[in-house]
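Asks: output the structure for:
(4 chains, ligands or ions: 4)
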Protein chains: 2
Amino acid sequence: MISSTVENYLKELFLLDPRSEKQIATGELAKVLCVTPGSATSMIKTLAQSGLVEHRPHYGVKLTEQGRNLAVHVVRRHRIVELFLVNILGMDWGEVHDEAEQLEHVVSDDVITRMDELLGHPTHDPHGDPIPTPEGEIPERSLQLLSFCNEGDNVAIARIGNQDAAFLKFAEDNGLLLGASIEIKHRNDIADSITIQSQGKEVVLGLAAAGRIEVEDV
Amino acid sequence: MISSTVENYLKELFLLDPRSEKQIATGELAKVLCVTPGSATSMIKTLAQSGLVEHRPHYGVKLTEQGRNLAVHVVRRHRIVELFLVNILGMDWGEVHDEAEQLEHVVSDDVITRMDELLGHPTHDPHGDPIPTPEGEIPERSLQLLSFCNEGDNVAIARIGNQDAAFLKFAEDNGLLLGASIEIKHRNDIADSITIQSQGKEVVLGLAAAGRIEVEDV
DNA sequence: TGGCTCCTTTTGGTTAGTCAAAAGTTTACT
DNA sequence: AGTAAACTTTTGACTAACCAAAAGGAGCCA
Ligand SMILES: [Mn+2]
Ligand SMILES: [Mn+2]
Ligand SMILES: [Mn+2]
Ligand SMILES: [Mn+2]
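Replies: Ligands and ions are numbered 1, 2, ... in the order given. Predicted structure coming up:
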């Protein structure tokens, strides 16, 4: 049986590089997993032993085909659970990440299949992240960072690339929900800010924050 | 944080003696948990250290007030999850036990509260077992074992005290669902069997099997 | 009072996962 | 080429949980 710990390592490697092209640094992996670099090294060696990652010591680590497949399925479980918690149980989109972080390791494929059905075979989670299919395919969309939009653009919010509960609360409070139409009012590269209008309300964001929001042309 | 392992030990102690009156033998606990007696002994010592059980070496172990409280909450989570899987996700009542065995350790109180609400504050799980309240109260019913019923009795099935999937499948296939009205047709203590009629269909059960079914007078 | 059987506990050892700190590599800069 | 900074790996140690097998207690029966 594959442990939750291993699933978390594989999943984070996937999230750090969904195509599994780059060599991920041990330290970077350790950071997102909140473990020491030494712990990451030793787990990486174990994973390499099992053929789940390829390790080039001192250069980095990369998922193998097999490791990536496992990771994609963990991500599928995570995202379906998140959407389920929001759509069926009425939870807040800022609360569901931590919950799904645990549930992703214990819900069976049967339960996931049933949730998927009940939700109508959704393609994206509550934060706009794609839900891999049971076969491991990942629906692609061409999105643009809000921080790259220009004055006058009319776009719809498509993804929030920040799982932080406080950020999600802020976004929600300001009407920045998935699908919301917004217009870029001002953009000031010197002041590092962007002003958008959503449902009549103006919101000013720093470009760093705007860089965590992705939008679609309307 | 309290581990799944500890939760399982406490829960099984509770299930072996819901009132926590008796001294449970180490070997009995070990058996239901599928561990060796030695493993159970060492965990019991740990639990005693934490004040969750009282241990009289060579005589047995018993939950403390604190340990019983924790156990009751694990049982609450288990049973709400089971009912949720059956009523909302449409799973079979024979499949949900193993699933709930894992989920009981990771679903948050918030999720349980929401499931409870969605289910309309149910009092019993899919197998007729009582669901403890958030305060730890356990609804009592006065039930009778099917094996003690007499010819001519008209009763309703109220509980199946056997989590075995094959047994539950058999029961379901023969219309022995919770709430089903049945009449006791024959009873033969010599042959160790009882014949009941449910929805026109006659079913013969050994008295041992009938002893795992509890009924309510109608 | 022994002795026997059935449990329980103890002992010694394993595995997964972790950390702190020492040791080793790579790279970039002088 | 030599050195220092930044990173990675190794080492040694710890905890939770488990097992197999040896040792220890309780109750029973002669
Ligand atoms: Mn996780
Ligand atoms: Mn998400
Ligand atoms: Mn369990
Ligand atoms: Mn049940």
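
Asks: and the most centrally placed residue in chain A, what are its phi and psi?
Replies: Centroid-nearest residue in chain A, with Cα atoms, centre = their mean: residue A:129, separated by 5.4 Å. Note on residue A:129: backbone dihedrals following degrees, to the nearest 10 are phi -80, psi 140.

Asks: and it, what is it in contact with?
Replies: Neighbouring residues of residue A:129 by Cβ atoms under 8 Å, 6 or more residues apart in numbering or on different chains: A:79, A:159. All C-beta atoms are positioned from the backbone trio N, CA, C, and that covers glycine.

Asks: distance of it relative to chain B?
Replies: Plainly put, residue A:129 is 21 Å away from chain B if you go by Cβ to the nearest Cβ, to the nearest Å.

Asks: please apply the same query to residue A:39.
Replies: 18 Å.

Asks: can you classify the residue sitting furthest away from the middle of chain A by secondary structure?
Replies: Distance from the C-alpha centroid of chain A peaks at residue A:190, with 29.6 Å (Cα atoms, centre = their mean). Three-state call for residue A:190 (DSSP: H, G, I helix; E, B strand; the rest coil): coil.

Asks: contact residues of chain A facing ligand 1?
Replies: Selection of chain A residues close to ligand 1 by Cβ under 5 Å from the ion yields A:8, A:101.

Asks: helices along chain A, start to end?
Replies: A:4-16, A:26-33, A:37-49, A:65-87, A:96-103, A:109-118, A:165-173, A:207-210 (DSSP state H).

Asks: most tightly surrounded among those?
Replies: helix A:65-87 (a mean of 22; mean count of other Cβ atoms under 10 Å in any protein chain shown).

Asks: what is the mean pLDDT for that helix?
Replies: Averaging pLDDT along helix A:65-87 gives 98.

Asks: same deal with stretch A:194-203?
Replies: Regarding stretch A:194-203, the rounded mean pLDDT is 90.

Asks: that stretch: how far from the chain's middle?
Replies: A distance of 25 Å separates the centroid of the chain from that of stretch A:194-203, by Cα atoms, centre = their mean, to the nearest Å.

Asks: and that stretch, what's buried?
Replies: Residues A:194-198, A:203 are the ones in stretch A:194-203 that count as buried (16 or more other Cβ atoms under 10 Å in any protein chain shown).

Asks: need the helices of chain A in JSON lines (columns: distance to ligand 4).
Replies: As requested, the helices of chain A are exported to JSON lines (distance: least, Cβ to the ion, whole Å):
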{"stretch": "helix A:4-16", "distance to ligand 4": "25"}
{"stretch": "helix A:26-33", "distance to ligand 4": "36"}
{"stretch": "helix A:37-49", "distance to ligand 4": "37"}
{"stretch": "helix A:65-87", "distance to ligand 4": "22"}
{"stretch": "helix A:96-103", "distance to ligand 4": "20"}
{"stretch": "helix A:109-118", "distance to ligand 4": "16"}
{"stretch": "helix A:165-173", "distance to ligand 4": "34"}
{"stretch": "helix A:207-210", "distance to ligand 4": "47"}
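
Asks: burial of residue A:189, as a residue count?
Replies: Counted with other Cβ atoms under 10 Å in any protein chain shown, residues neighbouring residue A:189 total 9.

Asks: ok, the nearest residue to it once chain neighbours are set aside to DNA strand C distance?
Replies: In this structure, residue A:189 finds its nearest non-sequential neighbour in residue A:207, 7.6 Å apart by Cβ to Cβ, 6 or more residues apart in numbering or on different chains. Distance, residue A:207 to DNA strand C, by Cβ to the nearest atom of the strand, to the nearest Å: 27 Å.

Asks: quick one: contacts for residue A:207?
Replies: Counted by Cβ under 8 Å, 6+ apart, residue A:207 has contacts A:147, A:189, A:192-194.

Asks: if you set the cut-off to 7 Å instead, what comes out?
Replies: By Cβ atoms under 7 Å, 6 or more residues apart in numbering or on different chains, the contact set of residue A:207 is A:147, A:192-194.

Asks: now swap in residue A:130 and tell me
Replies: Shown in contact with residue A:130 (Cβ under 7 Å, 6+ apart): A:123-124, A:138-139.

Asks: give me that answer again for 6 Å
Replies: Counting by Cβ atoms under 6 Å, 6 or more residues apart in numbering or on different chains, residue A:130 touches A:124, A:138-139.

Asks: so which of those residues is the closest to DNA strand C?
Replies: When those are ranked by distance to DNA strand C (Cβ to the nearest atom of the strand), residue A:138 comes first, at 25.9 Å.
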